[in-house]
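S.K.: please work out how this folds:
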Amino acid sequence: MTPAVLARHHVVTNPDGSMLMRIVKSWFGTAGLEPQRLSTCNSLSVIVRMVAAGETVSFLPLAIVAEEIASKQVRVLNASPKIPEPRFFAAYQRDKEGDSMRSVIDVARRISVLANVLNDGHLGRRGEAGRLDAPAT
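M.R.: As a prediction, this is how the structure comes out:
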């Protein structure tokens, strides 16, 4: 799936300022395009239902649509170019730095990997949702 092809479809993502919106804009921007119809929604579960109903296309982490993929309510489309990898950051007060904080960050990283949030990138469409990459650094 290319930006030129997908630009003709209704795309739904989280509002401006969100990681998913930045990914959508960046991916379409690689071709100098914007989606012809772009809507926003704060609820990932509502976006998933819209994609499963065949109403929209979205860029979603596979971890939140695993059941829909398994039941063939959604399917994964390969994006070309590859969807940019989001980066995750841990922010904390400098005076809280130490072994405890590093442990919390390590647990969050391991949970993200186990939950299949940090994986290869794919694009989601009509019965298909996509996975987003993030370096585990």
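S.K.: any low-confidence regions in the protein?
M.R.: 85-88, 113-137 (pLDDT under 70).
S.K.: please enumerate the strands of it.
M.R.: Taking DSSP state E, the strands of the chain run over residues 10-13, 37-40, 75-77, 123-125.
S.K.: tell me the helices in this structure, going along the chain?
M.R.: Applying DSSP state H to the chain gives helices spanning 3-6, 19-29, 44-52, 66-70, 99-114.
S.K.: what's the first one packed up against?
M.R.: The contact analysis (3 or more C-beta pairs under 8 Å, 6 or more residues apart in numbering; DSSP states H and E) places helix 3-6 against helix 19-29. Placement of C-beta: from N, CA and C, glycine included.
S.K.: residues contacting the helix it packs on, please?
M.R.: 3, 6-7, 11, 13-15, 34-35, 38, 40, 58-60, 79, 81, 83-84, 86, 123, 132 (C-beta atoms under 8 Å, 6 or more residues apart in numbering).
S.K.: tally of neighbours for the closest residue to Val12 other than its chain neighbours?
M.R.: Nearest residue to Val12, sequence neighbours excluded (C-beta to C-beta, 6 or more residues apart in numbering): Thr56, at 4.3 Å. Per other C-beta atoms under 10 Å, the neighbour tally for Thr56 reads 22.
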